[in-house]
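Chemist: Curious how this folds, go ahead:
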Amino acid sequence: MKNKNFIKIEEVLNKILLTLNELEKTLNLEFKLLSITPLSYLKIQSITENKYKLIKESNFFDKKRIYLESALKINCPYEEHENLRSIWIKIQKITKILFEKNEKNNTQIKLQMRHILSIQNILKKYLSEEIIYREDGNTYKFFKKNFKINA
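Modeler: Numbers count the residues shown, from 1 in each chain. This next block holds a predicted model:
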């Protein structure tokens, strides 16, 4: 019969794996949304919040894993324990995939930022602006000219 902590570490490793798989789905959706113009900023914000939640969750389970390893006096990659080793190998594989997908998404974010900056620079050339004070004391920019695109 297995030690209670041994069963717990297997459960924790499975929770880590499950969380990382969910993070992969989130990164896939993020890439899809980052590839669409115009961006849906609310959807991107929602995905960013979900990524943060999943990473936080993964870190929580990883701390539990480290604690249980210490209690059991074992370490990954768990050469002596086939079930744990099998899960650990899956965790390593998904971690590598997540790193690559995150890099790909960062590249998409940089492309989107360049696109936004180029549009901003075009607008600055053709539109002059005045700052208007509102009754609440805040300001907003008022464009004096119409923006025309020559196709």
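Chemist: how far away is the residue positioned nearest the centre of the chain from residue 60?
Modeler: When Cα atoms, centre = their mean is applied to the chain, the residue found nearest the centroid is residue 51 (4.1 Å). Distance of residue 51 to residue 60, computed by Cβ to Cβ, to the nearest Å: 15 Å. In this view, the C-beta of every residue, glycine as well, is placed from N, C-alpha and C.
Chemist: Now for the closest residue in space to residue 20 that isn't next to it in sequence, which secondary structure element holds it?
Modeler: Spatial nearest neighbour of residue 20, chain neighbours left out: residue 94 (4.5 Å); criterion: Cβ to Cβ, 6 or more residues apart in numbering. Taking DSSP states H and E as the criterion, residue 94 maps to helix 82-126.
Chemist: go on, residue 21?
Modeler: Going by DSSP H and E, residue 21 is part of helix 4-34.
Chemist: Could you pull out the buried residues of that helix?
Modeler: 5-6, 8-10, 12-13, 15-17, 19-23, 26-27, 29-31, 33-34 (16 or more other Cβ atoms under 10 Å).
Chemist: So residue 77 is in contact with residue 90, correct?
Modeler: No. Counting by Cβ atoms under 8 Å, residue 77 stays clear of residue 90, with 11.5 Å between them.
Chemist: Comparing those two, which residue is more hemmed in?
Modeler: residue 90 (16 against 11; other Cβ atoms under 10 Å).
Chemist: Please report the distance of the more buried one from residue 53.
Modeler: Relative to residue 53, and taking Cβ to Cβ, residue 90 is found at 21 Å.
Chemist: quick one: low-confidence parts of the chain?
Modeler: By pLDDT under 70, the weakly predicted segments of the chain are 1-2, 126-134, 139-151.
Chemist: could you redo the last one with a cut-off of 90?
Modeler: Scanning the chain with the threshold set as pLDDT under 90 gives 1-3, 5-6, 35-42, 111-151.
Chemist: Show me what the helix holding residue 21 is packed against.
Modeler: helix 41-72, helix 82-126 (3 or more Cβ pairs under 8 Å, 6 or more residues apart in numbering; DSSP states H and E).
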